[in-house]
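*Asks:* coords below, sequence missing:
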């Protein structure tokens, strides 16, 4: 709601004034009531300081239209579904309106409304009860200043990729400012290299991840194979999946979960906590190698395409798209700090 008070609410009230309808609406903080037909426009935030308020939004009664502004910032499709399914008024048209700037093709909005429906980015029209409206500066060119148009012309000339994404609103194959450029898809074929695993534990909507890792120091390559990327697993379920996937292969895991590690050990998993070090040190080591990602490791590829710097100069990273990467980082830190450690260890 903080951003709404600075952006969409003042803009909405400005439009009421421009249209000369000041006396038609009653405005009270985050609520606008049409005094003529008693329709109610409510402004709410999805996120709060305590997490999200999906439950309270779902409980709102009589809502027939939901406008989600800056929809690209909603990364949890389950939250969208929960609110979407609560818009179900009879005898009126129910509408969900997503207003967004396209980000990467890994976003659920692209997968759900474009890829799954066979719709290309930039499409204008209707398909499967969805109306697509794509706009950019060319639709408003007559109202833009010469200096602004000159800046756009310069961007087009100097950075065409940026022009296609930021100016024309194209979807990106991968995010801007990605941390890892040093990776490619290839078979998990570590020859006679020893393998072990890296594991990161999920929390709430975050997944548990398990990745098999083989380090080829001679050729500066790291082979990666995804075995697990799921959330909502209990200790016994997690242990059984791990044992089925990798047996007694050594697993290096997040040291922040000592109790869970103890539970998994008790259930027969060959697991050990890592001494983490800094995030930067682990990432720097990964950047020194060519990462080879097996074709079926789709979640690892998604993370590598979307894990970005918050501030590259200060080596700060956005804490998102990093669940498998964190597990891989734990494994690499352990093995490069313990060069004689192999596939197994004695408990």
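*Replies:* That came through, no problem. What you are looking at is a predicted structure, and each value in this text was computed from that prediction instead of being measured.
*Asks:* just the strands in the stretch 101-250 of the chain please.
*Replies:* In the stretch 101-250 of the chain, strands defined by DSSP state E, counting those that start in this stretch lie at 125-127, 130-132, 183-185, 195-200, 208-216, 221-230, listed in chain order.
*Asks:* could you verify my assumption that residue 62 touches residue 89?
*Replies:* Yes - under the criterion of C-beta atoms under 8 Å, residue 62 makes contact with residue 89 at 6.5 Å. For glycine as for every other residue, the C-beta is placed from the backbone atoms N, C-alpha and C.
*Asks:* who has more neighbours out of the two?
*Replies:* Neighbours of residue 62 and residue 89, each counted by other C-beta atoms under 10 Å, are more numerous for residue 89; the result is 12 against 8.
*Asks:* ok, now which ones touch the residue lying closest to that one once chain neighbours are set aside?
*Replies:* Nearest non-adjacent residue to residue 89, counting by C-beta to C-beta, 6 or more residues apart in numbering: residue 64, 4.4 Å away. Residue 64 makes contact with 87, 89, 92-95, according to C-beta atoms under 8 Å, 6 or more residues apart in numbering.
*Asks:* how about a cut-off of 10 Å?
*Replies:* Residues near residue 64 by C-beta atoms under 10 Å, 6 or more residues apart in numbering: 39, 87-95.
*Asks:* which residues does the residue nearest to residue 119 when sequence neighbours are not counted bridge with?
*Replies:* With sequence-adjacent residues excluded and distances taken as C-beta to C-beta, 6+ apart, residue 119 is closest to residue 127, at 5.9 Å. Assessed by DSSP bridges, residue 127 has beta-bridge partners residue 130.
*Asks:* hang on, the earlier thing: by mean pLDDT, show me the worst of the strands of the stretch 101-250 of the chain.
*Replies:* For the strands of the stretch 101-250 of the chain, mean pLDDT drops lowest on strand 183-185, to a mean of 91.
*Asks:* which strands and helices sit next to it?
*Replies:* In terms of contacts (3 or more C-beta pairs under 10 Å, 6 or more residues apart in numbering; DSSP states H and E), strand 183-185 is packed against strand 290-293, helix 298-306.
*Asks:* mind running it again at 8 Å?
*Replies:* Strand 183-185 sits against strand 290-293, with contacts defined as 3 or more C-beta pairs under 8 Å, 6 or more residues apart in numbering; DSSP states H and E.
*Asks:* pLDDT on the strand it packs on, on average?
*Replies:* pLDDT averaged over strand 290-293 gives 94.
*Asks:* pLDDT weak spots in the stretch 101-250 of the chain?
*Replies:* 204 (pLDDT under 70).
*Asks:* again, only using 90
*Replies:* Along the stretch 101-250 of the chain, the model assigns pLDDT under 90 to residues 103-107, 159, 161-162, 165-166, 172-177, 181, 185, 189-194, 202-206, 231-232.
*Asks:* so where do the helices sit in it?
*Replies:* Secondary structure of the stretch 101-250 of the chain by DSSP state H, counting those that start in this stretch: the helices cover 108-110, 146-158, 160-162, 235-246.
*Asks:* roughly how far out does the last one sit from the chain middle?
*Replies:* Helix 235-246 sits 26 Å away from the centroid of its parent chain (C-alpha atoms, centre = their mean, to the nearest Å).
*Asks:* for stretch 41-48, same thing?
*Replies:* 21 Å.
*Asks:* and that stretch, what's buried?
*Replies:* 43, 46 (16 or more other C-beta atoms under 10 Å).
*Asks:* with stretch 71-88 instead?
*Replies:* Applying 16+ other C-beta under 10 Å to stretch 71-88 flags 71-72, 74-75, 79-80, 83 as buried.
*Asks:* any idea which of those residues is closest to residue 262?
*Replies:* Proximity of those to residue 262 was ranked by C-beta to C-beta; the top entry is residue 75 with 31.8 Å.
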